[in-house]
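Student: model the following, please.
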Amino acid sequence: SNWWPLGAGTNGQVLTLTSLPNGDVVAGGNFTMAGGIAASHIARWDGVSWLPLGSGVDAIVRGTDVAANGDVVAGGDFTVAGGMGARRVARWNGAAWSALGTGCDDAVRDVAVLPSGDIVAAGAFAEAGGVAVAGLARWHGAAWLSMDATLPFLTSWRTLQVLSNGELWIGGQGVTVWGRAPMAKWSNGTFVPSARRFNGGASVTTPSVNAFGELPNGDLLVSGTFLEVDALVAHHMVRMQSISSVPQAFEGHWWPFLALAERSNGVVIAASEGYSHMDGHVLSWSGTHWSDLPPVWWTPLERAQWCP
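Tutor: The predicted structure follows:
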């Protein structure tokens, strides 16, 4: 198997990929050109060529997701989208950008669209739409809402995953007031914290959860900068059946995974920090072992999505 380029690619780092209902792929990151045309930090690949999303945004895009109607939601460092004010989060309807209220006061690391259509933003911000929050907020269509008054503020919430059953899982970096892993599930309007303790070893005093991946049977892979979960040796990866379940061993990697994508046949694609340009940073899990995919990147991916 081989990698195939998407045209001429981009002139800077891609930090997030999302597939649209029609199979097109939206890429966001720190670039200003895609396929040789101007595309400010976000662009769409239609299978033949790259297309800009209007005039794009004025700074890095870190997270993207797609709504049921095909609209693209983007979060990042920007304050302008399509030439209008949009603090760190905005929506593209195929023709124009729109702000989500007054947005967030600091970087948005990830966004997710819930089954209800509400939009969740995660990051390092303390205010969304004038509401005091702790790095997580929900856009209800007309206003930003705090997710949970008991939610602790971490260094940064950094990843969101909506499972096939509608559950929202969040992961971040830092030590929670729960004294447990920086990971939780949002259910019935309340966060259910993880009961697990993560240990990153001597070099990582505040382990992070970087990425989630859902397997075909509903189990969840959790990846981050940890080496142990409770008493279980776990090289940056464990498998869980629920937020309260005892983690199961899953063969990890010497370097933390930054992104996970899942195929319907159970094959997991993972992006690692890697340890040299020869690794390519991307691996495939067949069910029994990891295999290097052909090297293509000199710098690691931060987020990935499998586009069937």
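
Student: ok, and what's touching the helix or strand containing residue 172?
Tutor: If you go by DSSP states H and E, residue 172 is part of strand 168-173. Strand 168-173 is contacted by residues 112, 114, 120, 122, 135-136, 154-163, 182-186, 191, 206-212, 220, 222, 224-225, 243 when judged by C-beta atoms under 8 Å, 6 or more residues apart in numbering. Where you see a C-beta, it was placed from the backbone N, CA and C, and this is true even at glycine.

Student: now those residues: which count as buried?
Tutor: Buried subset of the contacts of strand 168-173 (neighbour count, 16 or more other C-beta atoms under 10 Å): 112, 114, 120, 122, 135-136, 154, 156-162, 182-186, 191, 207-212, 220, 222, 224-225, 243.

Student: how near is residue 16 to residue 226?
Tutor: 23 Å (C-beta to C-beta, to the nearest Å).

Student: brain fart, residue 113
Tutor: The value you get for residue 113 to residue 226, if C-beta to C-beta is used, is 28 Å.

Student: which of those two has more neighbours?
Tutor: Using other C-beta atoms under 10 Å, the more surrounded residue of residue 113 and residue 226 is residue 226, with 27 against 20.

Student: what's the local residue count around residue 80?
Tutor: By other C-beta under 10 Å, the residues close to residue 80 number 18.

Student: list the contacts for it?
Tutor: Going by C-beta under 8 Å, 6+ apart, residue 80 touches 57-58, 86.

Student: how about those in JSON lines, adding secondary structure?
Tutor: Formatted as JSON lines, the contacts of residue 80 follow (DSSP: H, G, I helix; E, B strand; the rest coil):
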{"residue": "57", "secondary structure": "strand"}
{"residue": "58", "secondary structure": "coil"}
{"residue": "86", "secondary structure": "coil"}
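
Student: okay, those in JSON lines with neighbour count next?
Tutor: Formatted as JSON lines, those follow (neighbours: other C-beta atoms under 10 Å):
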{"residue": "57", "neighbour count": "28"}
{"residue": "58", "neighbour count": "15"}
{"residue": "86", "neighbour count": "23"}
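
Student: alright, that wraps it up for me.
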